[in-house]
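In: Predicted coordinates and the sequence they were generated for:
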Amino acid sequence: MPENEKALKPEDLTRLFVERANAGDAAGLAALYEEEAVMAYPPGSVTVGREAIRRLWEKVLANAPRFEPEQPLPTLVRGDIALTSTPPKDGAGARAQVIRRQADGSWLRVIDQPEFRTPTN
């Protein structure tokens, strides 16, 4: 199996996520995260580590959801750390990720907040 394409710029992560999710590739999605990454999903929970993130995506992708491309908002970069975000098309409020440049120059997610909803209280 060929190696997955790497994110060579921070904004690539959004495109790669949608491509891999729509292909049902949970392992490919997990490869977009650092080994000890943290994802605030499912809502109200935290998933820690690439392997746990892979297992979570396997469950989510078992229902064959369809992900739509979302235009990334301007990325904030400081050295090897960046903040990426997208305005969601699914009503999730907002999405944001802290990502880090790797030794090979590619980028991976470190912290992923896929849903920010306006508080109802």
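Out: Received it, and whenever you're ready, just let me know what you need.

In: low-confidence ranges in the chain?
Out: 1-3, 92, 117-121 (pLDDT under 70).

In: rerun at 50
Out: Residue ranges of the chain with pLDDT under 50: 1-2.

In: Helices along that one, start to end?
Out: Counting by DSSP state H, the chain has these helices, from start to end: 12-22, 26-30, 50-61.

In: Can you give the distance from the longest one to the centre of its chain?
Out: Pointing back at helix 50-61 there. Average the C-alpha atoms of helix 50-61, do the same for its chain, and the two points are 12 Å apart (C-alpha atoms, centre = their mean, to the nearest Å).

In: which other residues reach that helix?
Out: Outside of helix 50-61, the residues within contact range by C-beta atoms under 8 Å, 6 or more residues apart in numbering are 21, 24-27, 29-31, 33-37, 39, 41-42, 47. All C-beta spots, glycine's among them, are computed from the backbone N, C-alpha and C.

In: now do 7 Å
Out: If you take C-beta atoms under 7 Å, 6 or more residues apart in numbering as the criterion, helix 50-61 is touched by 21, 24, 26-27, 29-30, 33, 35, 37, 39, 41, 47.

In: contacting residues around residue 75?
Out: If you count contacts by C-beta under 7 Å, 6+ apart, residue 75 has them with 10-11, 82-84.

In: Could you point out the bridge partners of residue 95 in the sheet?
Out: Each beta-bridge partner of residue 95 is listed here: residue 86, as defined by DSSP bridges.

In: tally of neighbours for it?
Out: Burial measure for residue 95: 21 neighbouring residues, criterion other C-beta atoms under 10 Å.

In: contacting residues around it?
Out: So, once contact is read as C-beta under 7 Å, 6+ apart, residue 95 ends up touching 85-86, 88, 113-115.
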